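>>> dropping a prediction and its sequence here:
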Amino acid sequence: MNTAALSDSLRQMINSSNILFLLLGAILVFSMHAGFAFLELGSVRKKSQVNALVKIISDWGVSTIVYFIIGFPIAYGISFFKPASELLGVDQGFNLVHYFFLLTFAACIPAIISGGIAERARFWPQSVAGGILVGLVYPFFESLVWGKNVFLGQAGSWLANLTGAPFHDYAGSVVVHSMGGWLALPAIILLGPRLNRYVKGRSQIIKVSNIPFLALGSWMLCIGWFGFNVMSAGRLENISGLVAINSLMAMVGGIVTALIVSKNDVTFIHNGALAGLIAICAGSDVVHPFGALVIGGVAAFIFVKLFQIETERMKIDDVLGVWPLHGVAGSWGGVACGIFGSKLLGGLGGVSLAAQIIGTLAAIVVAVISGWLVYSVLRLSVGIRLTEHEEMIGADLSIHNIEAYPEEAL
Amino acid sequence: MNTAALSDSLRQMINSSNILFLLLGAILVFSMHAGFAFLELGSVRKKSQVNALVKIISDWGVSTIVYFIIGFPIAYGISFFKPASELLGVDQGFNLVHYFFLLTFAACIPAIISGGIAERARFWPQSVAGGILVGLVYPFFESLVWGKNVFLGQAGSWLANLTGAPFHDYAGSVVVHSMGGWLALPAIILLGPRLNRYVKGRSQIIKVSNIPFLALGSWMLCIGWFGFNVMSAGRLENISGLVAINSLMAMVGGIVTALIVSKNDVTFIHNGALAGLIAICAGSDVVHPFGALVIGGVAAFIFVKLFQIETERMKIDDVLGVWPLHGVAGSWGGVACGIFGSKLLGGLGGVSLAAQIIGTLAAIVVAVISGWLVYSVLRLSVGIRLTEHEEMIGADLSIHNIEAYPEEAL
Amino acid sequence: MNTAALSDSLRQMINSSNILFLLLGAILVFSMHAGFAFLELGSVRKKSQVNALVKIISDWGVSTIVYFIIGFPIAYGISFFKPASELLGVDQGFNLVHYFFLLTFAACIPAIISGGIAERARFWPQSVAGGILVGLVYPFFESLVWGKNVFLGQAGSWLANLTGAPFHDYAGSVVVHSMGGWLALPAIILLGPRLNRYVKGRSQIIKVSNIPFLALGSWMLCIGWFGFNVMSAGRLENISGLVAINSLMAMVGGIVTALIVSKNDVTFIHNGALAGLIAICAGSDVVHPFGALVIGGVAAFIFVKLFQIETERMKIDDVLGVWPLHGVAGSWGGVACGIFGSKLLGGLGGVSLAAQIIGTLAAIVVAVISGWLVYSVLRLSVGIRLTEHEEMIGADLSIHNIEAYPEEAL
């Protein structure tokens, strides 16, 4: 081959590899949604297991459609209302796969909220809420950090203008997880606790149903997470071994810390792994592996302690602890990136603690206000909560007309 | 490097990448077989769960051997009776991986049938049937569409000659799924319904045992399906983002349609996703994402309605609904490719509705005749059905001498 | 582009692809650890299921840390006590991903042992043992075969000097599996059988709890195993289709042999697949696919027969049969590579039966002595076994203060 033919061939190879790269990421993060389903299924009572399954897969369906038509176009200025030949274009449909990869992130929003409001929320209002959040709220903040906001234009870079440095969130500690967790908080509060969760001001712990499925969900999330972080490189040539190892280290920091702090509690250990992974997303490309270990460890510590405070003292019935897990550990990740990313602590540098703090706070503000608005309107209009009778017999029977183990049911 | 060295290096890179590409597809579709196992396990009674597991993994074993020795050589004219050095050849064993990828398709045939004939079929006759179908019947039709039939030669392209256009089936709506579903139909009818499924002409629904495992199976199938469709490109350079997104859209069309049509039925929703994926295989490379959404939606609608007609009115005890799911939704996919692939509907064009209809019908004819023959001969010779006593105590105890939860069993 | 630019671009592409290649291997083998967890969970009694889950994930955590700080540096002479910028280096962090991939192998050691000592071992002593084995013992033998021992230097190649040919273990039949299985043997013997497993010299079989989870574990191991073997190529350019197909064939040889020998026993069939995969690791790059089929078949035969001899006649309570499965089938794999790798049997040649036998025996000696030492010291110092009362109520309640299905428990 001559150099022209070589160039063509190489360019073709690079483009195909990029598509494969993003697609593998999309498949891995798509598999995390099965993880969300089983984590929730195992953490709720038997009478709400079917509901957990249906919510996750249905929310995935709704998210796919609204993010295709509205969300992604808002955040990145790319529309898919074109003939297939144009969608395929000269790059074999790179934008389509890019959409798919980012959809797997966007669809985490209703999946995260789902775990917090489990066992007593009505089905369709939550589907609508998910659609609004994935179609409008999430892409709005996403566009400020990763995209080019089609409405705000340059104004979208206010944060960088303010602090003199861009807000750094490599794989979404803040954009995805913190956003999801802080959106869930008002939803959980507006919905109120499950029946008999708190009786006369006293907490009555409701036991989870199935530890093996809970653990299966956690494993699926952990496995898929390497796609979440590594493929956030966007293109194969930007792949970083550091991102992979930092994800690993933060996960392990979470596991070991939860093991010790919770004194060998299986639920906390399997969620501790997730806390570590949530917190490392933001800085996985800039911190040192030992920094990642600490970030993950602190995240798990926060989760274990704050979950107990939230559900016991604050009396917020956050079934899967999604506010401390995704919300607060995610926020910690945003800030931690500004600390451990510095060269002083072995990081690559180039991050600003001020920018990290402001960006993280901005996400919290956007999330809490939007969450409160969306769920308040739904609550006042159509209602968001099952009736007492429906909740008593369980979401499975009342919404889906079936139990999780129909042959056994009588 | 000079251009000669560059060419060599690039060629090596492209070849290695192709092997990785197909291998990732093979791994993904191999994992779908675990999905088949758990989908069936969850959909049968507790006393038949072990049987579901053993059937799928054993059929995989038998399929691997017969497709290696007979099936693949028939369909593609490549034999593996050569020393390892020749198998490895100059291309690092590309043909071996190509075989592996296509095996994962071929082995779907017994896995599909398994779900239809569950709970009352004898074990070894079904193993033999699987071997015959994967070794002879499937490769015969496969060779007409994708391969070069070693016996028919040019005659294998009769279809293209007839309609003036080739039959288009990118990833096997017809070649794999429709074939499997329509092969299952005579097997299911010849076998007859499970005991007490229909009493005095009245349908008595037999409840499924385990929704979480059913859903797990569906998730595994959905995740692996992206390998089924995307890696059908064959080589990395042919990868298409459109194929990935159309698979996604059809799956979601199936989920959302089943959600609405079945009024929130967990089983239909998780199977609706599969119906969409089955129907999109054929045209995933040529239709528009919105076309894919419709194709998937219609497939799920067909499945939900036809499954009820099949099992309630036609009184065919198709336990997992594999005829409407794989058979009819697969046939719909073959035809739909001819409709939505047209430029008029945003597709890439180059498909012929006539060719699609004829090819789809041809598959049905081949499947029904072959299925009837194979299962009739087995029925009349060795028998294909468990005795009444064996069925009463369950396939697990009577065939495998164990129950699914031995510690609990007494 | 000119040739200089092309060279740069291609080099970059090759490097990025190598990182992706190893990372995909790491993700696949990481997912096998979920497989270990569910295989054990299904094979123990309900009262020990939580313990199985916590052991596997905690051992993963401990392994990650000790192998990062001690094990990998010992075996390969590479330390990670450097700033992130140096870790990332000019190759995007290849060494980090190399570490990750090899960690997934190293962490198999405690995961294998875990299955043998299930239901009656104390938690923390086993965590410590795992740390010692992964940090010191495993890397010592690993370095002799795959690495460059930092202490022994040239002396590490004693084996090649002795037999005139290097010991060949492509993906760890001996280095990983045999090592793990033979390390487990003294641990199991020192620990003693579970209460009431043998009463007055008579064997009383303790039934497993959950076949579906056992099968799920086996499937996860089988799927991930393709990463174990194929990505052992180390770099994408060394990928071999033969390795993939030999893995497949050995697995199928194991499935079909176990199916026949065990007369359709679900547990043996799902473990037979693993026996085949364990035995093929060593020679997967040099034997013929039909050789692989035989290797896998023999491995499953060994497992089925030896497990019965071990647990019934030798009265060793090896709960998951890890000694016959990983230990002996792994050793068989080491030797079989020397037999079936020869050109006479269709293999690629270049292997020495003498070297294979000596290397395999060396691993057994290292494992048995180290295992005996580590567990004896722990037994005499802190104790390795639960009290009788703790074992009676189960490891879940006594160690983790919870049962596997808390809602049901009363």
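Okay, I see it. Numbering: from 1, shown residues only, chains lettered A, B, ... in the order given.

>>> alpha carbons only for contacts and neighbour counts from here, please
Noted.

>>> quick one: residues contacting residue A:39.
Contact partners of residue A:39, counting by Cα atoms under 8 Å, 6 or more residues apart in numbering or on different chains, are A:213, A:214, A:215, A:216, A:217, A:218.

>>> state whether it is indeed within a helix.
Yes - assessed by DSSP: H, G, I helix; E, B strand; the rest coil, residue A:39 belongs to a helix.

>>> verify the contact between residue A:399 and residue B:264 for me.
Yes - applying Cα atoms under 8 Å as the test, residue A:399 and residue B:264 come out as touching, 7.3 Å apart.

>>> among the contacts of residue A:39, which one sits closest to residue C:192?
Checking the contacts of residue A:39 against residue C:192 by Cα to Cα gives residue A:215 as the nearest, at 29.1 Å.

>>> quick one: that closest one from residue C:207, how far?
Remark: distance between residue A:215 and residue C:207 (Cα to Cα, to the nearest Å) = 23 Å.

>>> again with residue A:316
When distance is defined by Cα to Cα, residue A:316 is 42 Å away from residue C:207.

>>> one more: residue A:69?
From residue A:69 to residue C:207 the distance is 54 Å (Cα to Cα).

>>> name the residues of the host helix or strand of residue A:298 that come out as buried.
Assigned by DSSP states H and E, residue A:298 belongs to helix A:289-308. Counting neighbours by 16 or more other Cα atoms under 10 Å in any protein chain shown, one finds that the buried residues in helix A:289-308 are A:289-304, A:306-307.

>>> so what touches that helix?
A:242, A:245-247, A:249-258, A:261-262, A:268, A:271-273, A:275-277, A:279-280, A:284, A:321, A:324-325, A:328-329, A:332-333, A:336, A:340, A:345-347, C:84.

>>> my guess is residue A:268 contacts residue A:261. True?
No - here residue A:268 lies out of contact with residue A:261, judged by Cα under 8 Å, at a distance of 9.0 Å.

>>> and the next helix or strand past the helix or strand harbouring residue A:111?
Assessed by DSSP H and E, residue A:111 sits inside helix A:108-116. For helix A:108-116, the succeeding helix or strand toward the C-terminus, using DSSP H and E, is helix A:123-132.

>>> show me what that following helix is packed up against.
Secondary-structure packing of helix A:123-132 (3 or more Cα pairs under 8 Å, 6 or more residues apart in numbering or on different chains; DSSP states H and E): helix A:49-66, helix A:353-381.

>>> and these: which comes nearest chain C?
Relative to chain C, the nearest member of the helices and strands packed on helix A:123-132 by Cα to the nearest Cα is helix A:49-66, separated by 12.5 Å.

>>> mind checking how far the closest one is from the chain centre?
With Cα atoms, centre = their mean, to the nearest Å as the basis, helix A:49-66 stands 14 Å off its chain's centre.

>>> and that helix, anywhere near chain C?
No - against chain C, helix A:49-66 shows no contacts by Cα under 8 Å from any Cα of the partner chain, the least distance being 12.5 Å.

>>> so what's the model's average confidence on that helix?
On average, the pLDDT along helix A:49-66 is 98.

>>> same thing with stretch A:79-94?
94.

>>> likewise stretch A:380-392?
Stretch A:380-392 carries an average pLDDT of 97.

>>> same question for stretch A:322-337.
Averaged across stretch A:322-337, pLDDT comes to 98.

>>> now do stretch A:111-124
The predicted confidence, averaged over stretch A:111-124, sits at 98.

>>> gap between that stretch and the chain center?
Taking mean C-alpha positions (Cα atoms, centre = their mean), stretch A:111-124 and its chain are 15 Å apart.

>>> show me where pLDDT drops low in chain A?
A:148-158, A:160-161, A:410 (pLDDT under 70).

>>> quick one: the strands in it, in order.
For chain A, the strands defined by DSSP state E occupy A:198-199, A:202-203.

>>> near chain B, which residues of the stretch 251-400 of chain A?
Counting by Cα under 8 Å from any Cα, the positions of the stretch 251-400 of chain A adjacent to chain B are A:399, A:400.

>>> nearest residue to residue A:234 in space, please, no chain neighbours.
Leaving aside its sequence neighbours, residue A:234 sits nearest to residue A:22 (Cα to Cα, 6 or more residues apart in numbering or on different chains; 6.6 Å).

>>> that neighbour contacts residue A:102, doesn't it?
No - judged on Cα under 8 Å, residue A:22 makes no contact with residue A:102 at a distance of 9.5 Å.

>>> between these two, who's got more neighbours?
Neighbours per residue (other Cα atoms under 10 Å in any protein chain shown) separate residue A:22 from residue A:102, with residue A:22 holding more: 27 against 19.

>>> how close does that one sit to residue A:284?
In terms of Cα to Cα, residue A:22 sits 18 Å off from residue A:284.

>>> how deep is residue A:141 tucked in, by neighbour count?
Residues lying near residue A:141 (other Cα under 10 Å) number 22.

>>> and it, how far from residue A:172?
The value you get for residue A:141 to residue A:172, if Cα to Cα is used, is 11 Å.

>>> chain neighbours aside, what residue packs nearest to the residue of the stretch 201-350 of chain A found nearest chain B?
Relative to chain B, the nearest point of the stretch 201-350 of chain A is residue A:213 (8.6 Å; Cα to the nearest Cα). Leaving out its chain neighbours, the residue that sits closest to residue A:213 by Cα to Cα, 6+ apart is residue A:42, at 4.9 Å.

>>> got a list of what that neighbour touches?
A:49, A:208, A:209, A:210, A:211, A:212, A:213, A:214, A:215.

>>> just give me the neighbour total for the nearest residue to residue A:130 once chain neighbours are set aside.
Leaving aside its chain neighbours, residue A:130 sits nearest to residue A:110 (5.1 Å; criterion: Cα to Cα, 6+ apart). Per other Cα under 10 Å, the neighbour tally for residue A:110 reads 28.

>>> do residue A:397 as well
If we define neighbours as other Cα under 10 Å, then residue A:397 has 18 of them.

>>> and if you look at residue A:201?
Using other Cα under 10 Å, residue A:201 is surrounded by 10 other residues.

>>> before we move on, what about residue A:125?
18.

>>> quick one: it from residue B:74, how far?
Shown here: residue A:125 relative to residue B:74, a distance of 55 Å by Cα to Cα.

>>> give me every residue that touches residue A:32.
By Cα under 8 Å, 6+ apart, the residues touching residue A:32 are A:220, A:221, A:222, A:223, A:224, A:225.

>>> switch the cut-off to 7 Å
A:220, A:221, A:224 (Cα atoms under 7 Å, 6 or more residues apart in numbering or on different chains).

>>> can I get these in TSV with neighbour count?
TSV is the format used below for those (neighbours: other Cα atoms under 10 Å in any protein chain shown):
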residue	neighbour count
A:220	23
A:221	26
A:224	25
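
>>> could you dump the residues you listed to CSV with distance to chain C?
Formatted as CSV, the contacts of residue A:32 follow (distance: Cα to the nearest Cα, whole Å):
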residue, distance to chain C
A:220, 8
A:221, 11
A:224, 8
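
>>> just to revisit the earlier point, and among the helices and strands packed on helix A:123-132, the most buried is which?
Stretch with highest mean neighbour count among the helices and strands packed on helix A:123-132: helix A:49-66 (a mean of 25; mean count of other Cα atoms under 10 Å in any protein chain shown).

>>> what helices and strands are in contact with that one?
helix A:3-43, helix A:123-132, helix B:241-261 (3 or more Cα pairs under 7 Å, 6 or more residues apart in numbering or on different chains; DSSP states H and E).

>>> again, only using 8 Å
helix A:3-43, helix A:94-106, helix A:108-116, helix A:123-132, helix B:211-230, helix B:241-261, helix B:266-280.

>>> and the angle for the fifth one with helix A:211-230?
When you say that, I think you mean helix B:211-230. 30 degrees (axes from the mean of the first three to the mean of the last three Cα atoms, to 10 degrees).

>>> the first one too?
For helix A:3-43 and helix A:211-230, the angle between their directions (the same axes, to 10 degrees) works out to 150 degrees.

>>> what about helix A:3-43, distance to the chain center?
18 Å.
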